[in-house]
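Peer 1: Fold the following and give me the result.
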Amino acid sequence: MGILDNLPHTCTAKIRTRTQGSMGGGKEVLTTVFSNRACWRQPAGDREQEHAMKQGIAIDNKVYFTSDPELDERHVLIIDSVEYDVVSRPVPDCSVGLGVVWKVMVNSNSAEGG
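Peer 2: Take a look at the predicted model:
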């Protein structure tokens, strides 16, 4: 059994939507897209962080999935009670010996995410 058959983390994905508040103002609501989905969170490497910073994007972690999770910048991932803002769309990543996985770059919403 390889690592792709038993990823070490699980996550919940939520999407941000704007709704009309009772007083007429806008309000952000998080709606669950999926939960308990296997994934693998790893700290982003220095080169990945530098490349993202040049584009004006802050990242601190990357999350791998065995299939396209269909996420974008409106989504939040929750892994081990830490919230991560999704900052990139999923891209296929050919990892040596592991096959193809989908990588999403994220940035933690708390000081604990790393």
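Peer 1: Look up how far residue 61 lies from the residue of the chain most remote from its centre.
Peer 2: Within the chain, the residue lying farthest from the chain centre (C-alpha atoms, centre = their mean) is residue 23, at 32.6 Å. Separation of residue 23 from residue 61 (C-beta to C-beta, to the nearest Å): 37 Å. All C-beta spots, glycine's among them, are computed from the backbone N, C-alpha and C.
Peer 1: What of residue 100?
Peer 2: For residue 100 relative to residue 61 (C-beta to C-beta), the value is 20 Å.
Peer 1: Have a look at those two and say which one is more surrounded.
Peer 2: Neighbour totals were compared for residue 100 and residue 61, and residue 61 leads with 22 against 11 (other C-beta atoms under 10 Å).
Peer 1: And the next helix or strand past the lengthiest strand in the chain?
Peer 2: If you go by DSSP state E, the chain has its longest strand at strand 26-43. Proceeding N to C from strand 26-43, the next assigned helix or strand is helix 46-54, under DSSP states H and E.
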